[in-house]
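Novice: give me a model of this one.
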Amino acid sequence: MSTQWDHYDHASTFRPSNSSSENNALRVTGRGRDKTGSLMDPIDAAQVDHIEGFKRSVDEIITRVDKLEKQVVEVEQFYDSAGNAQGNNSKGGSVAKEKGREKHLIGAKKPLQDASRTETAAAKRMQELMRQFSTILRQITQHKWAWPFLDPVDVEGLGLHDYYEVIEKPMDFSTIKSKMEAKDGTGYKNVREMYADVRLIFKNAMKYNNEKHDVHVMAKTLLEKFEEKWLQLLPKVAEEEKRQLEEEAQAQLDIQLAQETAYANMARDLGIELFEVDKHLKSLKEMVIQNCRKLSIQEKKKLGRALTKLSTENLSRALQIVADNNPSFQFTGVEVDLDIDAQSDYTLWRLMLFVKDALEVQGKNAGGIEVNHNDNTDDKKNNSKRKKEFCDSLAKTNLKKTRKLSTL
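Specialist: From the prediction side, this is the model:
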């Protein structure tokens with residue numbers, strides 16, 4: 001898109017050299033010339049103090065929005081994963097896994113504490129069952145036929161060279177005893193594990209030795225006696241296992257409900273706080289409008305000239321700024337009319353700051369929006385710089401926070 005400036009009082013037209021071949025045109029209109037001068041007038045100490053106060057407000061809202069953004073992401077992640085939570089729960093030990101993440105589970109502290117107490121009580125009951133199982137184990141190991149199974153099979157001494165080819169997992173009573181007494185976490189967790197290893201001892205012996213072999217007969221006899229005693233303990237074991245499953249499911253449900261309640265409250269509070277932030281942003285916008293003085297005719301003229309130097313992409317973005325604050329403005333046609341005098345002060349300041357930055361990126365001179373070099377006193381330069389920083393801060397901060405809020 002090429003651009004031109006038609007000055008009604010003083011006819012003059014500008015077209016950028018890099019876009020003269022395009023057909024689309026932007027016609028910028030405004031009032032006549034006034035006396036030349038610097039782009040921004042000096043500001044006094046009171047205005048400087050006001051700028052600092054505004055900057056502090058901006059810093060506060062930036063910190064606030066950053067915090068809200070993290071909380072919104074956390075709530076979204078919770079609800080995204082909530083649907084899969086139950087399906088991912090393992091049969092056992094899931095509460096223990098949740099305990100490891102306690103610091104990261106919003107609202108789950110109390111149900112996790114309750115689950116921990118329940119789990120401790122269940123562990124004590126299981127220890128009692130394991131003690132009762134030890135009694136059965138002692139009775140079996142004291143049988144006169146138990147001696148071949150008390151220690152690991154002496155494969156080398158007995159010349160059983162194919163033993164490890166037939167038996168995948170050797171087992172014996174001394175190994176079971178060591179595992180029962182283990183304190184490093186490698187011990188048995190429940191009675192079922194102990195029961196399985198005892199059966200394995202006899203099953204291995206029966207598998208390796210034929211039916212007529214003495215060891216096979218001894219193993220079969222002891223296995224039958226062991227199973228008889230196990231059946232007496234089994235109802236208690238089954239009852240405890242059922243109870244633990246129910247307690248585990250209830251603990252998971254309590255944790256989930258507590259989290260859902262906590263995140264629902266967080267989402268509600270976020271909605272309220274985001275509404276307050278939105279009101280704060282609107283008040284900051286009003287402050288921007290009130291504190292950004294009206295542009296002079298010369299400044300508007302320089303802004304119009306600067307628009308002609310924008311690339312096609314940056315020109316479209318500049319026109320979008322106008323459209324953001326003026327819904328009736330359309331710039332999709334072949335020719336676009338932009339009346340500078342019809343735009344609000346807020347829009348003009350946004351335009352001027354955007355154009356300035358865009359031209360710097362394009363590697364061109366500041367053009368019509370740079371400070372007049374005739375103001376060469378140190379005082380005027382410093383005042384102009386403060387004025388420029390003020391409006392830069394107002395407009396850029398408002399744009400930045402508007403974008404942040406829209407992502408929330």
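Novice: right, and the helix or strand after the longest helix along the chain?
Specialist: For the chain, the longest helix by residue count, based on DSSP state H, is helix 214-291. Going down the chain from helix 214-291, the next helix or strand is helix 297-307, by DSSP states H and E.
Novice: sort out which residues of the host helix or strand of Thr175 are buried, please.
Specialist: Per DSSP H and E: Thr175 is located in helix 173-181. For helix 173-181, the neighbour count (16 or more other Cβ atoms under 10 Å) marks Phe173, Ile176 as buried. Using the backbone N, CA and C atoms, a C-beta is placed for each residue, glycine as well.
Novice: what helices or strands is the longest helix of the chain leaning on?
Specialist: helix 45-88, helix 94-100, helix 109-141, helix 191-208, helix 345-361, helix 378-407 (3 or more Cβ pairs under 8 Å, 6 or more residues apart in numbering; DSSP states H and E).
Novice: so for the helix holding Thr175, mean pLDDT?
Specialist: For helix 173-181, mean pLDDT is 95.
Novice: got it, and stretch 262-271?
Specialist: Averaging pLDDT along stretch 262-271 yields 86.
Novice: pull out the buried residues from that stretch.
Specialist: Quick answer for stretch 262-271 (16+ other Cβ under 10 Å): Ala262, Tyr263, Met266, Leu270.
Novice: stretch 123-138 now?
Specialist: Applying 16+ other Cβ under 10 Å to stretch 123-138 flags Met126, Leu129, Met130, Phe133, Ile136, Leu137 as buried.
Novice: do stretch 134-152 as well
Specialist: Under the neighbour-count rule (16+ other Cβ under 10 Å), stretch 134-152 has Ile136, Leu137, Ile140, Thr141, Ala146, Pro148, Phe149 buried.
Novice: residues in contact with the last one?
Specialist: It refers to Phe149. Contact partners of Phe149, counting by Cβ atoms under 8 Å, 6 or more residues apart in numbering, are Asp172, Phe173, Ile201, Phe202, Ala205, Ala219, Leu222.
Novice: try it again at 6 Å.
Specialist: Going by Cβ atoms under 6 Å, 6 or more residues apart in numbering, Phe149 touches Asp172, Phe173, Ile201.
Novice: that one and Asp162: what is the separation?
Specialist: Distance of Phe149 to Asp162, given as Cβ to Cβ, to the nearest Å: 20 Å.
Novice: now the two most distant members of the buried residues of stretch 134-152.
Specialist: Using Cβ to Cβ, the buried residues of stretch 134-152 span at most 19.1 Å, a distance reached by Ile136 and Pro148.
Novice: any low-confidence regions in this protein?
Specialist: Within the chain, the segments meeting pLDDT under 70 span 1-51, 83-108, 288-292, 332-334, 364-408.
Novice: the nearest residue to Met287 once chain neighbours are set aside and Arg199, how far apart?
Specialist: Distance criterion Cβ to Cβ, 6 or more residues apart in numbering; nearest residue to Met287, sequence neighbours excluded, is Phe54 at 6.5 Å. To Arg199, Phe54 is 79 Å away according to Cβ to Cβ.
Novice: the two - which one has more neighbours?
Specialist: Phe54 (18 against 15; other Cβ atoms under 10 Å).
Novice: report the secondary structure state of Asp337.
Specialist: State at Asp337, reduced to three classes by DSSP: H, G, I helix; E, B strand; the rest coil: strand.
Novice: what is it paired to in the beta sheet?
Specialist: Arg27 (DSSP bridges).
Novice: any idea how far Phe331 is from it?
Specialist: For Asp337 relative to Phe331 (Cβ to Cβ), the value is 9 Å.
Novice: one more: Val58?
Specialist: 30 Å.
Novice: same question, Tyr79
Specialist: 40 Å.
Novice: so which of those two has more stuff around it?
Specialist: A count of neighbours by other Cβ under 10 Å puts Phe331 above the other of Tyr79 and Phe331, at 18 against 12.
Novice: skipping its backbone neighbours, what lies nearest the more buried one in space?
Specialist: Leu319 (4.2 Å).
Novice: hang on, the one you found packs against Asn326?
Specialist: No: counting by Cβ atoms under 6 Å, Leu319 sits too far from Asn326 to count as a contact (10.3 Å).
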